[in-house]
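In: sequence plus predicted model, see below.
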Amino acid sequence: MIKRTRDFLRKSTYLSLFFLCLHIAGLVSSIDAVMSVRTSQGAIAWVISLNTFPSISLPAYWVFGRSEFKGYVISRQADETALSAVAAKAAENKSYFVSGLADRNQASRVAESLADLPHLKENSTELLIDGEATFESIFGGIEKARDYVLVQFFIVKDDELGRRLQDLLIKKAQEGVRVFFLYDEVGSYKLPEAYIQELRDNGVAAHNFHSRKGPKNRFQINFRNHRKIVVADGKTCWIGGHNVGDEYLGNGEKFSHWRDTHVKIEGPATLAAQLSFIEDWHWATDEVLELNWKAVPSTDADQRILIIPSGPADRFETAGLMFTHAINSARERIWIASPYFVPDESIIAALQLAGMRGVDVRILIPDEPDHKLVYLAAFSYFEQAGMSGVKFYRYTKGFMHQKTMLVDNDLSTVGTANFDNRSFRLNFEITAMITDQDFNKEVEQMFLEDFANSRLMEPDEAAEKPFWFKLLVRVARLTSPML
């Protein structure tokens, strides 16, 4: 009996010490959250959970709680000479094509400060609506490449479309074209190693982004390289929302139609997209690629384009500031399409103020979600933004995945950034900002067709939901800073 009592007390002591250590670790981690998490909402959420349920929240915090990709910054600084030389060469070769918009327009000057790049002139664009048009254009551009091809996607699948891409890249490598293939290991977690090995065995340089590179980043899976970039010979590039998979052609099991948008760019702006790729490639491989940096103007048009790379290694929250600036700059209209609508309070305030100014503010989102938590969290913002006249359209013809924006009559964007906390602060993204009235009209017509395939949300739609739904919505919103 005495022995049992001693064993029980010993186990109880160990258990108490274990939980004490957990709470101490939770307290220390909560201090780290206060000092490093970028938003007050996120910091508060982590502090409460770390001190209340440390056994659950501690591992979650050290995997998902970081908001700064310090390793990428350190790597960039460590090899600053090589990368700076490339950036200087790129700047020199495209300097003639600097548009001068920033000298005449304050809004353009702010955008250039965010991008740390200038608007470039003498470009032409092609708006690519949905998967068939997008991949026909991309594959055709890769086929024409004679020197090198840069390919970067968030998700690559080993299905029919994925194998078509694989076959084409191998074919080009065997022709003597240099082929560089970069993918995100989290987004492409289902991609078999055999797919990558076959590329490598046939001369394609293929690597994952390697966000967990380095001993301090071993559990760093919260940062994703969400960029989708293809560059052919430094003359043509493709940027947009499509990943590589059959569902992006409308052949998926869940959605019969996949609505997405890409843009093809020919001209000096391609070099800015290329510069973004080589920085990511350098992080993944420690290599600095030798590429063509001679800007080749388009002979078809003279469009002003600003390429805006953004990510957690930036000095500022570039993507979030880009959206905020666009909303604040709008005078007549701002139409935004995004599959996910989980903004922060500054974005909501900007939308409300735009509505109060009489700006035609429309947000296009899917009616059928692919992410339940994000779908629920979005409902908490509808009523808040809708009070000032912001209109929400829910796309009903399949799933809407495009990330596009239309501002007034001469500015449009096509890119990879969603309207959520992850794209604002955690993902590496890229956006093409195009200042051109003709392209703006094309984007306007695209939006109008999408609105015709959508339903306008009623102002009281969220309020009429049952109590249990409203409760789930509020709980989802509490988690939104950590999504």
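Out: Here it is on my side, so go on.

In: for the stretch 201-350 of the chain, which segments count as helices?
Out: Along the stretch 201-350 of the chain, the segments classed as helices by DSSP state H, counting those that start in this stretch run 269-285, 318-329, 345-356.

In: what would these look like in JSON lines with distance to V47 and mean pLDDT?
Out: For glycine as for every other residue, the C-beta is placed from the backbone atoms N, C-alpha and C. Below are the helices of the stretch 201-350 of the chain laid out as JSON lines (distance: least, CB to CB, whole Å; pLDDT from 0 to 100):
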{"stretch": "helix 269-285", "distance to V47": "31", "mean pLDDT": "93"}
{"stretch": "helix 318-329", "distance to V47": "22", "mean pLDDT": "92"}
{"stretch": "helix 345-356", "distance to V47": "18", "mean pLDDT": "91"}
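
In: which positions in stretch 127-137 come out as buried?
Out: Neighbour-count burial for stretch 127-137, counted by 16 or more other CB atoms under 10 Å, picks out 127-131, 134-135, 137.

In: nearest to D167, of the residues you listed?
Out: Ranked by distance to D167 (CB to CB), those are led by F135 at 13.0 Å.

In: and the strands in the stretch 351-483 of the chain?
Out: All strands of the stretch 351-483 of the chain, identified by DSSP state E, counting those that start in this stretch, fall at 360-366, 391-395, 399-400, 404-407, 411-415, 419-420, 427-435, 454-456.

In: lowest mean pLDDT across those strands, which one is that?
Out: Of all the strands of the stretch 351-483 of the chain, mean pLDDT reaches its minimum on strand 419-420 (a mean of 90).

In: ok, residues contacting that strand?
Out: Strand 419-420 is contacted by residues 323, 336, 338, 340-343, 347, 363, 374, 403, 480, 483 when judged by CB atoms under 8 Å, 6 or more residues apart in numbering.

In: now it: how far from the chain's centre is it?
Out: 9 Å (CA atoms, centre = their mean, to the nearest Å).

In: could you do stretch 173-182 as well?
Out: Centre-to-centre, stretch 173-182 and its host chain are 26 Å apart (CA atoms, centre = their mean).

In: repeat that for stretch 421-431.
Out: For stretch 421-431, the distance to the chain centre is 4 Å (CA atoms, centre = their mean).

In: quick one: end-to-end length of that stretch, please.
Out: End-to-end distance for stretch 421-431: 16 Å, by CA to CA, to the nearest Å.

In: and if you look at stretch 392-409?
Out: 21 Å.

In: can you give me the buried ones in that stretch?
Out: 392-395, 397-408.

In: okay, now the unreliable bits of the stretch 201-350 of the chain?
Out: 211-221 (pLDDT under 70).

In: now with 80?
Out: For the stretch 201-350 of the chain, the stretches with pLDDT under 80 are 210-223, 252-254.

In: right, and I434 touches D410 too?
Out: No. Counting by CB atoms under 8 Å, D410 is not a contact partner of I434; they are 9.1 Å apart.

In: ok, back up a step: so which of the helices of the stretch 201-350 of the chain gets nearest N123?
Out: helix 269-285 (4.8 Å).

In: walk me through the domains of the protein.
Out: Here the domain parsing of the chain from automatic domain parsing is 2-64, 70-104+119-304, 318-482.

In: adding distance to E112, write those domains out as TSV.
Out: What follows is these, written out as TSV (distance: least, CB to CB, whole Å):
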stretch	distance to E112
domain 2-64	23
domain 70-104+119-304	5
domain 318-482	10
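
In: and of the ones you listed, who's closest to A111?
Out: Evaluated over those, closeness to A111 peaks at domain 318-482, with 6.3 Å, by CB to CB.

In: centre of the chain to that closest one, how far?
Out: Domain 318-482 sits 15 Å away from the centroid of its parent chain (CA atoms, centre = their mean).

In: specify the beta-bridge partners of M433.
Out: With DSSP bridges as the criterion, M433 is bridged to L306, T413.

In: OK, contacts around it?
Out: M433 neighbours (CB under 8 Å, 6+ apart): 111, 119, 305-308, 411-413.

In: just the buried residues of those residues.
Out: Listed as buried from the contacts of M433 are 111, 119, 305-308, 411-413; burial here means 16+ other CB under 10 Å.

In: now the residues you listed as a markdown table including distance to K172?
Out: Listed next are those as a markdown table, based on distance: CB to CB, whole Å:
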| residue | distance to K172 |
| --- | --- |
| A111 | 35 |
| H119 | 32 |
| I305 | 26 |
| L306 | 30 |
| I307 | 24 |
| I308 | 29 |
| L411 | 35 |
| S412 | 31 |
| T413 | 30 |
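
In: which single one of these is nearest to D158?
Out: The closest of the buried ones among the contacts of M433 to D158 turns out to be I307 (CB to CB; 30.1 Å).

In: would you agree the closest one is in contact with A273?
Out: Yes. I307 is within contact range of A273, at 5.4 Å (criterion: CB under 8 Å).

In: look up how far I129 lies from S298.
Out: Note on S298: its distance to I129, by CB to CB, to the nearest Å, is 21 Å.

In: same question, S423
Out: In this view, S423 and I129 are 22 Å apart by CB to CB.

In: thought S276 was touching R227?
Out: Yes. The pair S276 / R227 is scored as a contact, 6.9 Å apart, by CB under 8 Å.

In: so L306 sits against R109, correct?
Out: No. Counting by CB under 8 Å, L306 does not reach R109; the two are 11.0 Å apart.

In: returning to what we had before: of all the helices of the stretch 201-350 of the chain, which lies closest to I155?
Out: Comparing the helices of the stretch 201-350 of the chain by CB to CB, helix 269-285 comes nearest, at 15.6 Å.

In: the closest one vs strand 427-435, what angle?
Out: Relative orientation of helix 269-285 and strand 427-435, computed by axes from the mean of the first three to the mean of the last three CA atoms, to 10 degrees: 170 degrees.

In: give me the number of residues near Q197?
Out: By the criterion of other CB atoms under 10 Å, Q197 has 11 neighbours.

In: would you confirm that it belongs to a helix?
Out: Yes. Under DSSP: H, G, I helix; E, B strand; the rest coil, Q197 falls within a helix.

In: okay, it and A206: tell me how far apart.
Out: Taken as CB to CB, the span from Q197 to A206 is 9 Å.

In: and the helix or strand that contains K171, how far from the chain's centre?
Out: Here K171 sits within helix 160-174, counting by DSSP states H and E. In terms of CA atoms, centre = their mean, the centre of helix 160-174 is set 25 Å apart from its chain centre.

In: thought Q274 was touching L150?
Out: Yes. With contact defined as CB under 8 Å, Q274 and L150 form a contacting pair (6.6 Å).

In: which neighbours do the two have in common?
Out: 231, 291.

In: picking that back up, ok, then the element right after the helix holding K171?
Out: Following helix 160-174 in sequence, per DSSP H and E, is strand 178-183.
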